[in-house]
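Enquirer: Sequence and predicted structure below; questions after.
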Amino acid sequence: MRASISRPAQTDRSLKYDYCMVFKLEGNEQSDESKFIIQKMKSKGLDVFCYLSVQKDEMIALITAPAQKLRAFADAIDFKMELDPHKVKHYLEQGVKNEAGDAYIIKPVYINEDPKYSPYSPFDHIFAKFGEELPADLYRVYENDDHRSGLFNKYYRMKLIYYILKGPESKGGCDLEVDLLVFRKKIAAFYPLHDGNASADIQERNANMSEMPWDEGLERNIRDYFGEKIALYFVFMGHYSYWLIIPGIIGLIFQIIVFATGNFSSSVLPFYSLLITVWAIVMLEYWKRKEQLKAVDWGMTSFEDSEPDRPEFKGALIRSYIDGDETLYFSPDEFTSRFASSQGVILTFMMVVVGCVASIYVLRFSLQANIGANASTVASILNTIQITILNSIYQFVATALTDSENHRTDTEYEDNLITKMFMFQFLNSYASFFFLAFIAQWLPKPVGVPDEFVGQCGATNCMEPLAINLAIIFGTRLFVKNGTDILIPYIQAQMKLKEETKGTRVEDLTLPEKDYMLMQYNVLIDSIQNYADAAIQFGYSSLFVTALPMAPFFSFLCNLARNKLNILKLTTLYQRPVPAGAQDIGSWMGIFQIMSVLSVITNGAIICFTMTVLDGQASSSGRVWLFIGFMVVLVVIQFIVQAIIPDEPEEVEVQKKRIEFIASKLIDRQPDEEPTPVASFPGIQDPELGAGSHPVGFFVRINEMIFGTRQEGGADAQLREFNVKMKRIPHLSKVEISDYAASTSNLTMNPMNKA
């Protein structure tokens, strides 16, 4: 059957769709797989609109879902959505009655809103599973840029449609392994459509030079557009950049002192290294707290990945030896063999790094007699080229090795790839620094160098060559990395555009086709590379900061530029990625913590053994003891900082308890232990007024549940009025109190009682 479908106008029908799926035509005919996929999507209630590409060699399928389909599937999979704060408060305060209406199965609840207990409102950031049987107004209503208002904004729709495509048919899904079909080339491309208005808003804010990486407005836009996983990276970089301001300024001042005095072993440098080693761990501890706050704001506090098998996972189909279901089996022996082979390849690459560094310094010594001090500059430039080339090559090798190991889940795959990438990049990036800082001075001097030169440092001490090497490599890497990150995808996108529009005009492309011309963004791989770059930069700013105190300042400037370039390329050069959730930065936190501990060792060793600041003041054994003392004191300080700064802020702990409680009452309808008769409500004994006499006794109960103490006062106007009367007229008679209680107990009908 020929795919003869009319093309939409540039600005019409494509705007209401959320996803685009592209199929290659086989001799101007649809493949059987494409027919099956499109029919399956339509049969499961998705709205699919198809047309031919501008070159008529591909079929474009635009996909969205009606609101009713989204509601039904969200209910089927217990999809979490944000509740409306005002309605949450309203329904809690109304309670839930039994069918007879004479007793509360869930008592009315008043939660103390005093901000002195928590900066969060009790009713904000409440995310709970969606239920069609619940009142529709319980959930937050969104006004979308595409003029569609309702329960599901663009972000929710994208997530739900993706889940519908992959979900089991028993729950209304299509049971299509979309990622696997793309991997096997059955689908040419699959991506969410860029939203012109939202993308333009992000670009406009990003172009504003006063917009900083740590500004929350831009963070919120990125999260709503790209998902939590990508947004969390930008939040981390914003946090890291903000914390670089003070050490960056101080380091720049210290660097000026070093340049002014010409003394690269200035006595001020040890104090700066102390500052940085403490700063590193404090910055990371406060990041732990910030990511917890973001998890609350974004509804990720209980984010759990169901960890399905990776589409690329291969194995023999067997009957499970655990639960009897069909499952893929991959021999552990085969995995061990492949893993061991990978380690051998990694070790070989590491030896290549050592060989390259050694060769560069042999060349430097041979050039020393001819070009003098410039030999160090040449060596640093060659180091930069070596680092860039080997990192690029190894990235493909590490990915291929991890692919070959055949990991079952994304978490296993990601953790193994992170380990491979960072182990190599650490050695490749810092090998020359370790050589200059700790080895070169102990090696015999090359023939022909001046007598005052030390070992193979190429100078009177190793501090100046170390500083020059660090400055050249660090500075060059910043410019080269930022440049290639934007130029390579731009060139690739232009080449693809040229190829796909031969014989046609670019103006004839529809909006989905223009997105197809962009490069695919791999959330997993690109996320790993982004964090790896940040970790390497963190190392430049901490491990050898004694040699180059201005490194944090340049890291700060680099982060400002890098964040803006990353946002620019995501919105203009890449297809929009499928939104992915994330609760934290995962194993990268451990890597950054390891780097902070290593910074204590490296800076302590530089101060005690490489700098000349202790010359004539401490013997060799004295330096060793100073080094040990430096490490012990700083490591103890780091552990103390970790102990005194809680990973989870108190307000996050409180809000998690609130979320759990509110969801149990409003969503799960978990009844109280015993029904409360409406006539005797609230039925909580007040020590002064007697049993059943306090018209708002339930408020005392909920405060005891949330805060563990009995509090007075609250947000409810009737409660405040009652408390004021009680304080002003302490000797009211029980009849007067009863009359007042009756006047405040007229509760309106509650839609929650209908369920």
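Expert: Structure's in. What do you need? These figures come from a predicted structure and were not determined experimentally.

Enquirer: Point to the residue nearest the middle of this structure.
Expert: By Cα atoms, centre = their mean, the mean C-alpha position of the chain lies nearest to residue 232, the distance being 2.7 Å.

Enquirer: Does that one touch residue 582 like I think?
Expert: Yes - with contacts defined as Cβ atoms under 8 Å, residue 232 counts as touching residue 582 at a distance of 5.0 Å. Every C-beta, even on glycine, is put in place using the N, C-alpha and C of the backbone.

Enquirer: tell me which element residue 285 is part of?
Expert: helix 269-297 (DSSP states H and E).

Enquirer: I'd like to know which elements that helix is packed against.
Expert: helix 228-261, helix 523-542, helix 588-605, helix 620-644, helix 650-662 (3 or more Cβ pairs under 8 Å, 6 or more residues apart in numbering; DSSP states H and E).

Enquirer: Name the residues of the last one that are buried.
Expert: Spelled out, that is helix 650-662. Residues 651-652, 654-656, 658-659, 661-662 are the ones in helix 650-662 that count as buried (16 or more other Cβ atoms under 10 Å).

Enquirer: As CSV, those with distance to residue 24 would be great.
Expert: CSV is the format used below for the buried residues of helix 650-662 (distance: Cβ to Cβ, whole Å):
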residue, distance to residue 24
651, 53
652, 49
654, 54
655, 49
656, 48
658, 51
659, 47
661, 53
662, 50
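
Enquirer: of all these, which comes closest to residue 511?
Expert: The closest of the buried residues of helix 650-662 to residue 511 turns out to be residue 659 (Cβ to Cβ; 38.8 Å).

Enquirer: Skip the chain neighbours and tell me the closest residue to the closest one.
Expert: Using Cβ to Cβ, 6 or more residues apart in numbering and skipping residues adjacent in sequence, the residue nearest residue 659 is residue 126, 5.6 Å away.

Enquirer: Give me the neighbour count for the one you found.
Expert: 25 (other Cβ atoms under 10 Å).

Enquirer: Check what pLDDT the closest residue to residue 374 other than its chain neighbours gets.
Expert: Among residues not flanking residue 374 along the chain, residue 367 sits closest, at 7.9 Å (Cβ to Cβ, 6+ apart). Note on residue 367: pLDDT of 77.

Enquirer: Which strand or helix spans residue 367?
Expert: helix 332-371.

Enquirer: Just want the angle from the helix or strand following that helix to helix 523-542.
Expert: Next in sequence after helix 332-371, counting helices and strands by DSSP H and E, comes helix 374-405. Compare the direction of helix 374-405 with that of helix 523-542 by axes from the mean of the first three to the mean of the last three Cα atoms, to 10 degrees and you get 150 degrees.

Enquirer: Give me the buried positions along helix 374-405.
Expert: For helix 374-405, by 16+ other Cβ under 10 Å, it's 375-376, 379-380, 382-384, 386-388, 390-391, 394-395, 397-399, 401-402, 405.

Enquirer: name the helices or strands packed onto that helix?
Expert: Other helices and strands packing on helix 374-405, by 3+ Cβ pairs under 8 Å, 6+ apart, are helix 332-371, helix 410-434, helix 463-500.

Enquirer: Report the distance from it to the chain centre.
Expert: 26 Å (Cα atoms, centre = their mean, to the nearest Å).

Enquirer: If you average the pLDDT over it, what comes out?
Expert: Mean pLDDT, computed over helix 374-405, is 86.

Enquirer: got it, and stretch 439-454?
Expert: Taken as a whole, stretch 439-454 has an average pLDDT of 81.

Enquirer: start to end distance for that stretch?
Expert: With Cα to Cα, to the nearest Å as the measure, the ends of stretch 439-454 fall 11 Å from one another.

Enquirer: For that stretch, what is the distance to the chain centroid?
Expert: 48 Å.

Enquirer: and it, which residues are buried?
Expert: 440-441, 446, 449, 453-454.

Enquirer: now swap in stretch 213-223 and tell me
Expert: Result for stretch 213-223 [16+ other Cβ under 10 Å]: buried residues 213-214, 218-219, 221-223.

Enquirer: What segments of the stretch 1-150 of the chain are helices?
Expert: 32-43, 67-76, 85-94 (DSSP state H, counting those that start in this stretch).

Enquirer: Just the C-alpha atoms of the first one, please, in PDB.
Expert: Right, helix 32-43. In PDB, the C-alpha atoms belonging to helix 32-43 read as follows (Å, rounded to 0.1, in the frame of the first residue of the first chain):
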ATOM      1  CA  ASP A  32       4.400  -4.200   7.400                       C
ATOM      2  CA  GLU A  33       5.900  -3.000  10.700                       C
ATOM      3  CA  SER A  34       4.800   0.600  10.200                       C
ATOM      4  CA  LYS A  35       1.300  -0.500   9.300                       C
ATOM      5  CA  PHE A  36       1.100  -2.700  12.400                       C
ATOM      6  CA  ILE A  37       2.500   0.100  14.700                       C
ATOM      7  CA  ILE A  38       0.100   2.700  13.400                       C
ATOM      8  CA  GLN A  39      -2.900   0.400  13.600                       C
ATOM      9  CA  LYS A  40      -2.000  -0.600  17.100                       C
ATOM     10  CA  MET A  41      -1.700   3.100  18.200                       C
ATOM     11  CA  LYS A  42      -5.100   3.900  16.700                       C
ATOM     12  CA  SER A  43      -6.800   0.900  18.200                       C
END
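
Enquirer: Can you report how many residues lie near residue 631?
Expert: 18.

Enquirer: ok now do it, which residues does it touch?
Expert: Neighbour list for residue 631: 600-601, 604 [criterion: Cβ atoms under 8 Å, 6 or more residues apart in numbering].

Enquirer: Around residue 431, how many other residues sit close by?
Expert: Neighbours around residue 431, by other Cβ under 10 Å: 20.

Enquirer: surely it meets residue 357?
Expert: Yes - the criterion here is Cβ under 8 Å, and residue 431 meets it with residue 357 at 4.7 Å.

Enquirer: re earlier: could you point out which of the helices and strands packed on helix 374-405 sits nearest residue 57?
Expert: Here helix 463-500 is closest among the helices and strands packed on helix 374-405 (Cβ to Cβ), at 8.8 Å.

Enquirer: Give the rounded mean pLDDT of whichever helix or strand comes after the closest one.
Expert: Counting by DSSP H and E, the next helix or strand C-terminal to helix 463-500 is helix 511-516. Mean pLDDT, helix 511-516: 91.

Enquirer: repeat for stretch 229-242
Expert: The average pLDDT within stretch 229-242 is 95.

Enquirer: how near is the closest residue to residue 624 other than its chain neighbours to residue 84?
Expert: Counting by Cβ to Cβ, 6+ apart, residue 624 lies nearest to residue 608, which is 7.5 Å off, once chain neighbours are set aside. Separation of residue 608 from residue 84 (Cβ to Cβ, to the nearest Å): 61 Å.

Enquirer: More neighbours: those two, which one.
Expert: Each of residue 608 and residue 84 has its neighbours counted (other Cβ under 10 Å); residue 608 has more, 23 against 17.

Enquirer: Retrieve the pLDDT associated with that one.
Expert: The model's pLDDT for residue 608 equals 92.

Enquirer: do the same with the one 10 residues further on
Expert: If you check residue 618, the pLDDT there is 83.

Enquirer: Now the phi/psi pair for it, please.
Expert: Here is the backbone geometry of residue 618 (degrees, to the nearest 10): phi -150, psi 140.
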